[in-house]
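Asks: take this sequence and fold it.
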Amino acid sequence: MKHFRDLNNYPSDRHPLKSGTRRVRVFVTGRVQGVFFRAETKKQALALGLRGWVRNLQDGRVESVFEGTENEVETMIAWCKKGPRFARVKGVEIMEDSPSAGTGFDNFEIRY
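Replies: Sure, this is the predicted structure:
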């Protein structure tokens, strides 16, 4: 599993999952709770046709799993770096997930 601390240092030699599907786990830090980050993430993910989930963590971060085409996932990662209107994103950590991380998702949901 590869770890990337900042979107600006994200390499271009990523390996997509089976059948052109890519899955990433994203951790967003900063002022990202209490600013509709989860709701807006779900809205953006559904608009892009992504599958997965988003949730708040007890340490103040937001964690998401995005599954879709390379282009869809890249667009969502770029959105996470900005977040919704009232968010103040300080950092984005991206971890590539492999097919062995579980089966595919049917939709995108907010987890509590």
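
Asks: can we go C-alpha only for contacts and neighbour counts from here?
Replies: Will do.

Asks: where does pLDDT dip in this protein?
Replies: Low-confidence regions of the chain, defined by pLDDT under 70, span residues 1-19, 99-103.

Asks: now the strands: where do they sit in it?
Replies: For the chain, the strands defined by DSSP state E cover 3-4, 22-31, 51-56, 62-68, 88-97, 108-110.

Asks: can you pull the contacts of R111?
Replies: R111 makes contact with W53, V54, R55, according to CA atoms under 8 Å, 6 or more residues apart in numbering.

Asks: pretty sure the first one sits against E109.
Replies: Yes. Counting by CA atoms under 8 Å, E109 is a contact partner of W53 at 4.7 Å.

Asks: for ChimeraX, what selects the buried ones among the contacts of R111?
Replies: Applying 16 or more other CA atoms under 10 Å to the contacts of R111, the buried members can be selected in ChimeraX as follows:
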select :53,54,55
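
Asks: I figured R23 hits N71, correct?
Replies: No. The criterion here is CA under 8 Å, and R23 misses it with N71 at 11.6 Å.

Asks: before we move on, the earlier item: between W53 and E109, which contacts overlap?
Replies: With CA under 8 Å, 6+ apart as the test, W53 and E109 both reach K42.

Asks: deepest of the strands of the chain, which one?
Replies: Neighbour counts (mean count of other CA atoms under 10 Å) averaged over each of those peak at strand 62-68, with a mean of 24.

Asks: what packs against that strand?
Replies: Other helices and strands packing on strand 62-68, by 3 or more CA pairs under 8 Å, 6 or more residues apart in numbering; DSSP states H and E, are strand 22-31, helix 37-48, strand 51-56, helix 70-82.
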